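Trainee: coords below, sequence missing:
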């Protein structure tokens with residue numbers, strides 16, 4: 001039976017690890033609190049990445065709107081208000097009504113829940129698949145790497161829209177099926193990024209030291225490899241949320257997304273928005289602005305986090321000066 005590493009040996013391995021955290025997180029020579037680096041990251045984001053901070057504010061607004069949708073919405077999103085069809089924005093209906101006399105403001109507010117549910121579910125499943133494939137492929141290499149990468153090449157050879165439409169045509173409409181389709185269309189490219197990060201880490205001194213003292217492979221993967229690829233995984237997840245929301249809107253626009261009567265932003269554009277765009281331009285303006293704000297917020301936040309969490313990038317180097 002293999003011996004457990006001595007405490008001094010574990011401390012030596014920990015000292016060899018790179019730390020992709022803001023520079024002031026470990027200032028003063030004292031061990032930082034486990035959450036101090038999050039506070040420092042927030043301060044760095046506000047000070048050095050104002051556009052990323054603005055994107056974070058948009059994301060926070062979207063999350064709060066989704067959580068408090070029943071409190072913010074002025075009407076039931078599926079309630080029909082008699083003959084008040086295509087009413088322009090006003091005091092009674094902030095964003096106007098659609099062709100079925102439903103309050104557009106309430107539908108957009110509740111649509112944030114649909115977008116976040118689909119986005120978080122798709123990105124979570126996609127990042128999980130990408131992490132498993134990327135870590136196994138990059139760390140073990142050899143035949144396993146060859147087989148996995150050829151499968152990734154085969155998936156990446158198809159356009160993402162073709163993959164999503166194929167999955168949806170086979171499984172049919174539904175929120176769970178949309179999440180699965182988005183995840184299968186998006187995990188391949190992310191796995192390549194994670195594999196590259198693992199290839200750069202697996203020959204590091206602290207990994208070699210862990211092997212030399214008899215650490216098991218699962219322990220090396222969990223304790224030494226995964227924590228040091230957490231930064232690119234976080235960036236991929238943040239950027240992927242914006243892409244997932246946009247892809248869900250595209251599927252709903254084509255009629256393959258979340259089925260009605262769920263208030264989907266993309267379906268608002270494809271339904272009443274197309275049919276009554278000239279008579280009621282607010283039917284396309286407000287859902288389009290909601291989609292644009294969500295995608296812009298996640299992309300700007302993800303780009304800023306990439307610069308701050310990866311010191312090898314020029315932006316991150318400037319931010320940490």
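Mentor: Received the coordinates, thanks. Since we're looking at a predicted model, the values are computed, not measured.
Trainee: buried ones in the strand or helix carrying residue 193?
Mentor: For residue 193, the element it lies in under DSSP states H and E is helix 175-201. For helix 175-201, the buried set under the neighbour-count rule, 16 or more other CB atoms under 10 Å, comprises 175, 177-195, 197-198, 201. Placement of C-beta: from N, CA and C, glycine included.
Trainee: list the buried residues for the helix or strand following it?
Mentor: Next along the chain after helix 175-201, taking DSSP H and E as the criterion, comes helix 205-212. Across helix 205-212, burial judged by 16+ other CB under 10 Å covers 206-207, 209-210.
Trainee: re earlier: compute the inter-axis angle for the helix holding residue 193 and helix 205-212.
Mentor: Relative orientation of helix 175-201 versus helix 205-212 (axes from the mean of the first three to the mean of the last three CA atoms, to 10 degrees): 90 degrees.
Trainee: what mean pLDDT does helix 175-201 have?
Mentor: Averaged over helix 175-201, pLDDT sits at 91.
Trainee: just for this structure, where's the confidence low?
Mentor: Low-confidence segments of the chain, defined by pLDDT under 70: 1-35, 37, 310-321.
Trainee: and the longest helix along the chain, how far out from the chain's middle?
Mentor: For the chain, the helix reaching the highest residue count under DSSP state H is reported as helix 104-140. With CA atoms, centre = their mean, to the nearest Å as the basis, helix 104-140 stands 6 Å off its chain's centre.
Trainee: other SSEs contacting it?
Mentor: For helix 104-140, the elements it packs on are helix 50-67, helix 69-72, helix 142-156, helix 175-201, helix 230-254, helix 265-268, helix 282-309, judged by 3 or more CB pairs under 8 Å, 6 or more residues apart in numbering; DSSP states H and E.
Trainee: how about a cut-off of 10 Å?
Mentor: helix 50-67, helix 69-72, helix 142-156, helix 175-201, helix 217-220, helix 230-254, helix 265-268, helix 282-309 (3 or more CB pairs under 10 Å, 6 or more residues apart in numbering; DSSP states H and E).
Trainee: ok so, going back, okay, among the buried residues of helix 205-212, which ones form the most distant pair?
Mentor: Greatest spacing in those, by CB to CB: 207 and 209 (7.3 Å).
Trainee: ok, and the closest non-adjacent residue to residue 220?
Mentor: residue 210 (5.3 Å; CB to CB, 6 or more residues apart in numbering).
Trainee: thinking again about what came up before, other SSEs contacting the helix holding residue 193?
Mentor: Using 3+ CB pairs under 10 Å, 6+ apart, helix 175-201 sits against helix 104-140, helix 142-156, helix 160-171, helix 230-254.
Trainee: correct me if wrong: residue 95 contacts residue 77.
Mentor: No: checked against CB atoms under 10 Å, the pair residue 95 and residue 77 is beyond contact range at 11.7 Å.
Trainee: okay, and the common contacts of those two?
Mentor: 103-109 (CB atoms under 10 Å, 6 or more residues apart in numbering).
Trainee: in which helix or strand does residue 260 reside?
Mentor: Assessed by DSSP H and E, residue 260 sits outside every helix and strand.
Trainee: just give the number of residues close to it.
Mentor: 12 (other CB atoms under 10 Å).
Trainee: part of a strand, is residue 74?
Mentor: No: secondary structure of residue 74 (DSSP: H, G, I helix; E, B strand; the rest coil): coil, not part of a strand.
Trainee: how about the contacts made by it?
Mentor: 92-95, 103, 105-106, 109.
Trainee: cool, residue 49 as well?
Mentor: Contacts of residue 49 (CB under 10 Å, 6+ apart): 55-56, 300-301, 303-305, 307-308, 315, 319.
Trainee: tell me the buried residues in stretch 95-110?
Mentor: 95-98, 101-110.
Trainee: going by distance to residue 43, which of these wins?
Mentor: Nearest to residue 43 among the buried residues of stretch 95-110, with distances taken as CB to CB, is residue 109, at 31.4 Å.
Trainee: I figured the closest one hits residue 72, correct?
Mentor: Yes: Residue 109 is in contact with residue 72 according to CB under 10 Å; the separation is 5.1 Å.
Trainee: what sits in contact with each of these two?
Mentor: Any residue near both residue 109 and residue 72 by CB under 10 Å, 6+ apart counts here, and that gives 65-66.
Trainee: doesn't residue 93 belong to a helix?
Mentor: No: per three-state DSSP, residue 93 lies outside any helix segment and is coil.
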